[in-house]
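Novice: next one to model:
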Amino acid sequence: MDRTTVVVFSLICIVGCQRRTAESLPHLAEEFVYQQLAFSPSLATQAGYHLHRGANLDEMLDDYSPASVDAQRSFYRQFRERLRKAATPDRLAAEDRADYELISDQISLELLELDEIQSYRHNPTLYVELVGNALFSPYVLEYVPKPQRYRHIISRLRKIPRLVEQAQQNLTDAPEIWNTVACSENEGNIELIDKTLRAGAPESMRAEFDSAAQDALVALRSFNEYLKKDLSKRTSDWRLGRERYYKKFRYVLETELPPSQLRAAAEADLLRIRREMFDLSLPLHHKMYPSHKDPVDLNLIVGETLAKIAEHHTTPSEYVNDAKRDLAEARSFVEQKGLVLLPPRSNLQVIETPEFMRGTYAVGGFVAAPALEPQLGAFYWITPIPKDWPRERVLSKLREYNFYGLKLLTLHEAMPGHYVQCEYANDIHPLWRRLVRSILGNGPYVEGWAIYATQMMLDEGYLNGSPELRLMFLKQQLRMVANAILDIRLQTTDMSDEEAMDLMLNKTFQEKEEATAKLQRAKLSSCQLATYYAGYCDWLRLRSLYQRRKGANFQLAEFHSRALREGAVSLPALARILLGSSLGDQPSAALPSK
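Specialist: Numbers count the residues shown, from 1 in each chain. Below you'll find the model as predicted:
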């Protein structure tokens, strides 16, 4: 029995063997988050949690042995009962109830995963991305001096063969797309170890690193052979199915609104946004194509206008640099307008997306600073354009993320989107509450803020109120509602690839490269793509209610600061905290865009 398993079983014994009197929510919350991080050492390092009950988590890898999986299941079941005995949610103050619900829904989600979905038995990308994150976090996060972090990397490298063995024992089948992406991302892991980490190893540790890396690389290369020659013969369906999707949707979005109602609202908003795009495109189209006779054809007018806008784009070599420029421009605008008080830390880095994550993050993404060590820094990932892509693929991506599209991406991921929101979350006190709302944070709150904040920037005059930028934002709004429709339909019905591509290419004006990557992402994940639309609608509704409550005393920056200081609670919970009332239970269809 290795040290990770000892830690797990010692805690289960503590949970199951001690007699307890009434327990406080802060005590339970702290214990829950720390134990959940201990179950995933790769995530613990990223969160800034290094020691658990005497065990150095930075030297460990996640354990997917049958004993560890059973221990996790037992922990969540027992903790659910402890939480139920400790408090009744309806009787808690709004702040405490928000934390209670985050923990309760996380327990339900974990048990749904362990008992029914069981990704560890069907999804090879789970193991591949685990390896990449376990090695990349200590490489880029300077929580201790470099030689000590390389000790942690070497220790984890030595455990990779065991993890690969567990993966091959656990995996019974896999959807073809999951297998394909796992192979591709695993090549990124091999590249990370063989080149990036090897080149960065301190001279005095090269021999030790090389020894550990050799065995790890043999294991990872053999895993790719296993994926291609063995697991590929045992395919399965990537769809969750209606019953499991509805359960997961409830716990991920933390809403009583069923997926069918959110889909209906999204379909209504898709039609509304298309009409708004047509109205905005007509005058632009007259200027761009003065010799054209404009037929009353929405797809033609909007499509040609977007095509002309897309011609203004960067180059592959300047793609990342332009994102850095846009970040500085956005920060300056937020400060000049006083839209939200920016956090004091200057800890954001713009870097290329790690190769082992490019299957999911084909465009870019954001990684928050560790909740326990926020000074270490956050990362805005930009996925570079591969040098071996054919010209058609390169131009397709550059047209989608053109001059305006890249700015919108930066607003969403960094300023004033995810980065600002996560920095506020990392200043929450007391510490146990910060951990709950950072580690277990609500997806619609997080993604909804990023979209709402982007629209708010445009409403306040960013880029001089550019109609081209507004049209590109509306195009992204179409993508947002399409994300919800795709996620719900693909996972719960027999929506075909052709139907999905038609929705994206012909109804939401996406480039083929973007649509192809989104379809892959929709097959790799579930419920996450629905969080954007659900969260955006509720952020708009919350601001409207708050403004109505404040009347003439309403101040935009004050609303933003108050809402962000709470961290990523569910939006219904945020409404109870800020307003003492609910958001209501109706789907947010046909909301105005500004």
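Novice: buried sites along the helix or strand hosting residue 393?
Specialist: According to DSSP states H and E, residue 393 maps onto helix 391-400. By neighbour count on 16 or more other CB atoms under 10 Å, the buried set for helix 391-400 is 393-400. C-beta: built from backbone N, CA, C; applies to glycine.
Novice: which residues in this structure form strands?
Specialist: 51-52, 55-56, 348-352, 364-367, 378-382 (DSSP state E).
Novice: quick one on the thing from earlier: how far away from the center of its chain is the helix holding residue 393?
Specialist: Helix 391-400 sits 24 Å away from the centroid of its parent chain (CA atoms, centre = their mean, to the nearest Å).
Novice: ok, now stretch 444-462?
Specialist: Distance of stretch 444-462 from its chain centroid, counting by CA atoms, centre = their mean, is 16 Å.
Novice: please enumerate the helices of the stretch 401-550 of the chain.
Specialist: 403-413, 418-425, 431-439, 443-459, 467-492, 497-502, 512-524, 531-550 (DSSP state H, counting those that start in this stretch).
Novice: verify the contact between residue 557 and residue 342 for me.
Specialist: No: using CB atoms under 8 Å, residue 557 makes no contact with residue 342, being 10.6 Å away.
Novice: so these two - more neighbours on which side?
Specialist: Neighbours were counted for residue 557 and for residue 342 using other CB atoms under 10 Å; residue 342 has more, 17 against 13.
Novice: for residue 166, find the nearest of the helices of the stretch 401-550 of the chain.
Specialist: helix 512-524 (21.1 Å; CB to CB).
Novice: show me which helix runs longest in this structure.
Specialist: Assignment by DSSP state H gives helix 259-288 as the longest helix of the chain.
Novice: list the helices and strands the helix holding residue 393 packs on?
Specialist: If you count contacts as 3 or more CB pairs under 8 Å, 6 or more residues apart in numbering; DSSP states H and E, helix 391-400 packs onto helix 298-310, helix 512-524.
Novice: residue 191 is nearest to which of the ones you listed?
Specialist: Set against residue 191 and scored by CB to CB, the helices and strands packed on helix 391-400 come closest in helix 512-524, at 20.3 Å.
Novice: what's the burial count for residue 23?
Specialist: 14.
Novice: pretty sure it is in contact with residue 82, am I right?
Specialist: Yes: assessed by CB under 8 Å, residue 23 is found in contact with residue 82 at 6.4 Å.
Novice: how many other residues sit next to residue 315?
Specialist: Counted with other CB under 10 Å, the neighbours of residue 315 add up to 11.
Novice: who are the neighbours in contact with it?
Specialist: If you count contacts by CB atoms under 8 Å, 6 or more residues apart in numbering, residue 315 has them with residue 398.
Novice: same thing with residue 528?
Specialist: 252, 443, 487.
Novice: repeat that with 7 Å
Specialist: Each residue near residue 528 by CB atoms under 7 Å, 6 or more residues apart in numbering is listed here: residue 443.
Novice: begin at 36 from here
Specialist: Happy to do that; since the first residue is 36 now, the last one works out to residue 563.
Novice: any residues in contact with both of residue 58 and residue 117?
Specialist: The contact lists of residue 58 and residue 117 share no entry, where a contact means CB under 7 Å, 6+ apart.
Novice: my guess is residue 341 contacts residue 509, does it?
Specialist: No: with contacts counted by CB atoms under 7 Å, residue 341 stays clear of residue 509, the gap being 9.8 Å.
Novice: possible to save the helices of the stretch 436-585 of the chain as a markdown table with mean neighbour count?
Specialist: A markdown table is the format used below for those (neighbours: other CB atoms under 10 Å):
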| stretch | mean neighbour count |
| --- | --- |
| helix 438-448 | 24 |
| helix 453-460 | 24 |
| helix 466-474 | 22 |
| helix 478-494 | 23 |
| helix 502-527 | 23 |
| helix 532-537 | 14 |
| helix 547-559 | 20 |
| helix 566-585 | 20 |
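Novice: before we move on, back to that, which one, of the strands of the chain, ends up nearest to residue 232?
Specialist: Closest among these, using CB to CB: strand 383-387, at 15.4 Å.
Novice: what residues sit buried inside the closest one?
Specialist: By neighbour count on 16+ other CB under 10 Å, the buried set for strand 383-387 is 383, 385.
Novice: report the rounded mean pLDDT for that strand.
Specialist: Summarised as a single mean, pLDDT over strand 383-387 is 92.
Novice: for it, C-alpha coordinates in PDB please.
Specialist: Below are the C-alpha coordinates for strand 383-387, written out as PDB (Å, rounded to 0.1, in the frame of the first residue of the first chain):
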ATOM      1  CA  LEU A 383      -1.000  37.400 -15.000                       C
ATOM      2  CA  GLN A 384       1.100  35.800 -17.600                       C
ATOM      3  CA  VAL A 385       0.200  35.200 -21.300                       C
ATOM      4  CA  ILE A 386       1.700  31.900 -22.400                       C
ATOM      5  CA  GLU A 387       1.100  29.300 -25.100                       C
END
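Novice: that one pairs with which strands, and in what direction?
Specialist: strand 413-417 (parallel) (DSSP bridges).
Novice: from the rest of the structure, what touches the strand it pairs with?
Specialist: Strand 413-417 has contacts (CB under 7 Å, 6+ apart) with 354-355, 358, 382-388, 396, 399-404, 448-449, 454, 457.
Novice: that one vs helix 453-460, what angle?
Specialist: 160 degrees (axes from the mean of the first three to the mean of the last three CA atoms, to 10 degrees).
Novice: that older thread, make CSV out of the strands of the chain and add distance to residue 192.
Specialist: Formatted as CSV, the strands of the chain follow (distance: least, CB to CB, whole Å):
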stretch, distance to residue 192
strand 86-87, 21
strand 90-91, 15
strand 383-387, 22
strand 399-402, 22
strand 413-417, 22
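Novice: right, and these - which one's nearest residue 465?
Specialist: strand 86-87 (19.6 Å).
Novice: was I right to think residue 351 contacts residue 428?
Specialist: No: taking contacts as CB under 7 Å, residue 351 lies outside contact range of residue 428: 10.8 Å.
Novice: helices along the stretch 136-285 of the chain, start to end?
Specialist: Going by DSSP H, counting those that start in this stretch, the stretch 136-285 of the chain shows helices at 154-157, 159-175, 181-205, 211-226, 233-235, 241-264, 277-288.
Novice: so of these, which one's packed in deepest?
Specialist: Among the helices of the stretch 136-285 of the chain, helix 159-175 has the highest mean neighbour count (mean count of other CB atoms under 10 Å), at a mean of 24.
Novice: what's it packed up against?
Specialist: helix 76-82, helix 181-205, helix 211-226 (3 or more CB pairs under 7 Å, 6 or more residues apart in numbering; DSSP states H and E).
Novice: tell me what angle the last one forms with helix 181-205.
Specialist: Orientation check (the same axes, to 10 degrees): helix 211-226 against helix 181-205 gives 150 degrees.
Novice: and helix 211-226 with helix 547-559, angle?
Specialist: 100 degrees.
Novice: run through who's touching helix 211-226.
Specialist: 158-160, 163-164, 166-167, 252, 255-256, 258-259, 262-263, 266-267, 270, 273, 389-391, 393-394, 555, 558-559.
Novice: circling back: tell me which of the helices and strands packed on helix 426-435 lies nearest to residue 177.
Specialist: Nearest of the helices and strands packed on helix 426-435 (CB to CB): helix 547-559, 30.8 Å.
Novice: re the thing from before, what's the closest of the strands of the chain to residue 183?
Specialist: strand 90-91 (10.5 Å).
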